[in-house]
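Colleague: Quick one, structure for this:
(chains A, B, C and D)
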There are 2 protein chains.
Amino acid sequence: MNLSPLSQDFVLHFGEMGSRWGINRTVGQIYALLFVSAKPLNADEIADALQFSRSNVSMGLKELESWNLVRLQHLPHDRREYFSAPEDVWAIFRTLADERRKREIDPTLSMLRDALLAIPANDEDKFAQKRMTEMHNLIEMATSWFNDVHRLEPETLKQLMKMGTKVTKLLEMKDKIKVVAGGKNK
Amino acid sequence: MNLSPLSQDFVLHFGEMGSRWGINRTVGQIYALLFVSAKPLNADEIADALQFSRSNVSMGLKELESWNLVRLQHLPHDRREYFSAPEDVWAIFRTLADERRKREIDPTLSMLRDALLAIPANDEDKFAQKRMTEMHNLIEMATSWFNDVHRLEPETLKQLMKMGTKVTKLLEMKDKIKVVAGGKNK
DNA sequence: CTATATTTTCAGTAATTACTGAAACTTCAC
DNA sequence: GTGAAGTTTCAGTAATTACTGAAAATATAG
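Modeller: A predicted model of the protein is given here:
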């Protein structure tokens, strides 16, 4: 199989970007290939198209499976496993965000929780804990917000995003009302 | 300088997590150290506390500077450069998100824009471009939303996050009104 | 300007991570 | 069961990335 220049560029770019994410070049390229491919591909086709060894592709696919980023299916009268990327880009976005949260945030959150339970041994520890508390609170707030958002339907989320800062107009208004009603802030 | 077990754990954890982000272990540890430290530290103190070579620290600090994650300052009657992490965790969060956008998203967006301008050579290319369009639109929407949000005051953002899905109640309501008023959807 | 304190650079090396080919394993048709 | 088709594992190696120490560069006090 010979990739068209268009797909080629896309695939190579994803390979490079892959390294800026946690995933490696191979995995990035495999994913990109599946993403732009109209049909599911088997491992041999992928290895051929990307010029990787068969085993490298096998490992890459395993990695993608662990990220829940590929779908495995069988074609009738064909024993080989065929892979494809989910069609819904919103679902992909979600999965990605979710997986990253699991890998990049949750461990830190749990470490912070533990650290905050420790008895500070001295003033330095007290200061450190203060900082950790700030970080913990921020992360906790962000993740719980994220979880909320995560449950929304793509359409709702899309609407929300398109509204952008308009949503905040509401808050500003709410604030003003508060100020007037409370009459405390200058 | 001897790190307390509390800070030690924090620093080591950040070192490990660093690798899951784009930054390396050294950089992660340096940042963590600065974050929990009550006073700004100079490069020698950092090298001593973390047991890295002086040059490694120098490189790590340079990296952190490129991420806009440290502040450089001078103490009176001291020639050395002192570093600290910004105190406002929200600012850190922002900076981090912004830098990541620049490094992880913007290049992809610009590649996609180019790819979409190309004339598709065949049906495969047409399909690929369709997929790329979907991805492009999603990313563009997400980043423009992100830019909007980015400009908000921390307090506003905090409020917004705390509201979580309550914001969507508004949308659901809006939808219902539409349906009733339009009377077209079953 | 000189002497000295401090930081940065960089070539070499260490450590880590990615990739391959061969062998082991699995699955399934017969 | 056997054998063919396909997949995974893994030890060895290649490639990449991180780290160090020595030397160069820079800054500043006098």
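Colleague: From now on I want contacts and neighbour counts done on CA atoms only, so please keep to that.
Modeller: Fine.
Colleague: what's the average pLDDT for the longest helix seen in chain A?
Modeller: The longest helix of chain A (DSSP state H) is helix A:123-150. Average pLDDT, helix A:123-150: 94.
Colleague: What is it packed up against?
Modeller: On a contact count with 3 or more CA pairs under 8 Å, 6 or more residues apart in numbering or on different chains; DSSP states H and E, helix A:123-150 meets helix A:106-117, helix B:5-20, helix B:25-36, helix B:89-100, helix B:154-163.
Colleague: mind checking which of those helices is nearest A:S55?
Modeller: Across the helices and strands packed on helix A:123-150, A:S55 has its closest neighbour in helix B:5-20 (24.1 Å, CA to CA).
Colleague: List the contacts of the closest one.
Modeller: A:21-22, A:103-104, A:108, A:111-112, A:115, A:118, A:120, A:125, A:128, B:24-30, B:32-33, B:36 (CA atoms under 8 Å, 6 or more residues apart in numbering or on different chains).
Colleague: Show the low-confidence segments of chain A, by residue range.
Modeller: A:1, A:165, A:168, A:170-186 (pLDDT under 70).
Colleague: redo that, cut-off 90
Modeller: A:1-2, A:18-23, A:76, A:93, A:96-97, A:99-100, A:103-104, A:146-186 (pLDDT under 90).
Colleague: what number of residues lie near A:G15?
Modeller: 21 (other CA atoms under 10 Å in any protein chain shown).
Colleague: I meant A:R131, not that one.
Modeller: Neighbours around A:R131, by other CA under 10 Å: 18.
Colleague: same check, this time on the one 3 residues further on
Modeller: A:E134 has 15 neighbours, counted by other CA under 10 Å.
Colleague: Contact residues of chain A facing DNA strand D?
Modeller: Residues of chain A lying close to DNA strand D (CA under 7 Å from any atom of the strand) are A:19, A:42-44, A:54-56, A:58-59, A:61-62, A:78-82.
Colleague: one more time with 10 Å
Modeller: A:16, A:18-20, A:24-25, A:41-45, A:53-63, A:65, A:72-74, A:77-83 (CA under 10 Å from any atom of the strand).
Colleague: Give me the subset of these lying in helices.
Modeller: A:16, A:18-20, A:25, A:43-45, A:54-63, A:65.
Colleague: burial measure for A:A128, as a count.
Modeller: Neighbours of A:A128 (other CA under 10 Å): 23.
Colleague: Tell me if I'm right that it and B:L33 touch.
Modeller: No. Counting by CA atoms under 8 Å, A:A128 stays clear of B:L33, with 9.4 Å between them.
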